[in-house]
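In: Pasted the sequence and its predicted model underneath.
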Amino acid sequence: MDGIGTILMEWYRQNARTLPWRETCDPYRIWVSEIILQQTRIAQGLDYYRRFMERFPDVSSLAAASEDEVLKLWQGLGYYNRARNLHAAAKTVVTAYGGIFPASYPEVRALKGVGDYTAAAICSIAYGQPYAVVDGNVYRVLARLWDCDLPIDSGAGKKHFAALAQGQLDRQQPGIYNQAIMDFGAMQCTPGQPDCSVCPLSGLCQGRAAGHVLQLPVKSGKSVSRTRYFHYLHLLCGDTTWLRRRAGKDIWQGLYEFPLVETDGPATWENLREDPRCTTLFTDCGETELLDTVSLPRHILSHQAIESCFYRIRIEYPSAEWTDYVAVESADIDSYAVSRLTESYLKRLKTEEVTYE
């Protein structure tokens, strides 16, 4: 379909959003912006990007930071593997490339956490290399323009749309074209109720002609959601509490949290008090007193929801068995990277002016 690139880039020149990472060709800054904007709206990601650039103005400063600091700066964005991968990739750039961001697509693609889309975005925008991006916005624009009902989450669909995107790419201005089609999908060819009457591509849109705009793109799979029940024990002895860093491959890996008991379904404090995980935790703690119970609204994540309750508990003295926990002054909790769920609980304590004594 001839002429699409020209129309898109002209639309972009008139409608492009003013964003700080568009004012540079520095691959490091473009890379950081792309990682932050994965699964994140621009309005939210903008402040995080600015804070990251202020603290880590170059790849060497990011590589030299501790993981805890990186996660703390990332706190609230979610999908924390992005931050861990960003940090690991920065170290690779320093050790393998002397702190100079790689300039070839295979080298960029090989960095931890960098997929086809991110590598194409970096190489086209920073280096002018002819690699087409394919994200959710691009899928939507192409599926509607070509009235294509191949599922975008199928192997055949991904292969088809990647080839289609590459075929439409303006090879003279790949960076401008890629940003144009992404902005077009985000601002004009939107998921719900796009205003086709003012769309500069409406005359070429086969999906509109067929009346299929709102049905495209097509997905074959449906996400399976599950509910989990988290019970956090906010233990207090004087002004000290205890945190543990989450390990394993579960959500919030590397973040800190209060001692956690997860149950298969809803549970009361009386149920938990008899749970072996609680009785073991409270061994040698002397007298314990439940001070408060705080239930938070359902916390929605990708493919799962968390029903949570925080129990503020006074203990007589800490157990010597808590070797995998960190003793933290209550006033210092804010210096630890925690999940948004735990952050909501801590903010509630501050709002209600709860004292720890």
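Out: Okay, I see it.
In: Kindly list the main-chain dihedrals of P200?
Out: phi -70, psi -10 (degrees, to the nearest 10).
In: Measure how buried it is and give me the count.
Out: 14 (other Cβ atoms under 10 Å). Any C-beta I mention is one placed from the backbone N, CA and C, and that applies to glycine too.
In: gap between it and R13?
Out: The gap separating P200 from R13 is 12 Å, by Cβ to Cβ, to the nearest Å.
In: same thing with R226?
Out: 46 Å.
In: Those two: which is more packed in?
Out: Ranked by neighbour count (other Cβ under 10 Å), R226 and R13 place R13 first, with 10 against 7.
In: helix or strand for the more buried one, which one?
Out: Using DSSP states H and E, R13 sits in helix 4-15.
In: Span of stretch 312-319 from start to end?
Out: Start-to-end span of stretch 312-319 (Cα to Cα, to the nearest Å) is 17 Å.
In: Pull the residues that contact it.
Out: Stretch 312-319 has contacts (Cβ atoms under 8 Å, 6 or more residues apart in numbering) with 233-237, 240, 242, 281-294, 327, 354.
In: for the helix or strand harbouring E54, packing partners?
Out: Using DSSP H and E, E54 maps to helix 42-55. Other elements packing on helix 42-55 under the criterion 3 or more Cβ pairs under 8 Å, 6 or more residues apart in numbering; DSSP states H and E are helix 27-37, helix 67-74.
In: Buried residues, the helix or strand just after that helix. List them.
Out: Next helix or strand after helix 42-55 toward the C-terminus (DSSP H and E): helix 59-64. Buried positions in helix 59-64, judged by neighbour count with 16 or more other Cβ atoms under 10 Å: 59-60, 62-63.
In: can you give me the strands for the stretch 151-300 of the chain?
Out: Listed in chain order, the strands of the stretch 151-300 of the chain (DSSP state E, counting those that start in this stretch) span 226-236, 240-245, 256-257, 260-263, 288-301.
In: got the contact list for the last one?
Out: Applying Cβ under 8 Å, 6+ apart, the external contacts of strand 288-301 come out as 78, 236, 251, 269, 282, 305-316, 340-341, 344-345, 348, 354.
In: ok, now the second one?
Out: By Cβ under 8 Å, 6+ apart, the residues outside strand 240-245 that reach it are 234-235, 254-260, 318, 322, 324-330, 333, 336, 356.
In: out of these, which are buried?
Out: Going by neighbour count (16+ other Cβ under 10 Å), the contacts of strand 240-245 have 234-235, 254-259, 318, 322, 325, 328, 330, 333, 336, 356 buried.
In: follow-up on the earlier one: what's the farthest-apart pair in the buried residues of helix 59-64?
Out: Farthest-apart pair in those is S60 and L62; separation 7.3 Å (Cβ to Cβ).
In: Give the residues shared as contacts by these two.
Out: A90.
In: tell me the contacts of C285?
Out: Contacts of C285 by Cβ under 8 Å, 6+ apart are 315-319.
In: Show me the one in the residues you listed that has more neighbours than the rest.
Out: I315 (22 neighbours).
In: Look up how far P259 lies from it.
Out: Counting by Cβ to Cβ, the separation of I315 from P259 is 11 Å.
In: what is in contact with those two at once?
Out: Joint contacts of I315 and P259 (Cβ under 8 Å, 6+ apart) are L235.
In: dump the residue contacts of the closest residue in space to L8 that isn't next to it in sequence.
Out: Excluding the flanking residues, the one nearest L8 by Cβ to Cβ, 6 or more residues apart in numbering is A180, at 4.3 Å. Residues near A180 by Cβ under 8 Å, 6+ apart: 8-9, 11-12, 16.
In: Please apply the same query to H231.
Out: 260-263, 267, 272, 308-309, 311.
In: Could you dump those residues into CSV and include pLDDT?
Out: CSV is the format used below for those (pLDDT from 0 to 100):
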residue, pLDDT
L260, 95
V261, 95
E262, 94
T263, 94
A267, 92
L272, 91
S308, 95
C309, 96
Y311, 95
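In: can you list the contacts of A180 in TSV and add distance to D147 and pLDDT?
Out: Formatted as TSV, those follow (distance: Cβ to Cβ, whole Å; pLDDT from 0 to 100):
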residue	distance to D147	pLDDT
L8	18	95
M9	23	95
W11	21	96
Y12	23	96
A16	27	91
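In: which among these end up buried?
Out: For the contacts of A180, buried by 16+ other Cβ under 10 Å: 8-9, 11-12.
In: isn't there a helix covering A119?
Out: Yes - assessed by DSSP: H, G, I helix; E, B strand; the rest coil, A119 belongs to a helix.
In: Excluding sequence neighbours, find me the nearest residue to it.
Out: Per Cβ to Cβ, 6+ apart, closest to A119 is R109, 4.0 Å.
In: Would you agree that neighbour is in contact with I122?
Out: No - in this structure R109 lies outside contact range of I122 using Cβ atoms under 8 Å: 9.3 Å.
In: who's more crowded, the two?
Out: I122 (28 against 17).
In: show me what contacts that one?
Out: 27, 30-31, 34, 108, 114.
In: Okay, and it sits in which element?
Out: Counting by DSSP H and E, I122 is part of helix 116-127.
In: neighbours around W242, how many?
Out: Neighbours of W242 using other Cβ under 10 Å come to 21.
In: For the nearest residue to it once chain neighbours are set aside, give me phi and psi.
Out: Excluding the flanking residues, the one nearest W242 by Cβ to Cβ, 6+ apart is Y325, at 4.2 Å. When read as degrees, to the nearest 10, the backbone of Y325 gives phi -110, psi 150.
In: Y325: what's it in contact with?
Out: Contacts of Y325 (Cβ under 8 Å, 6+ apart): 242-244, 259.
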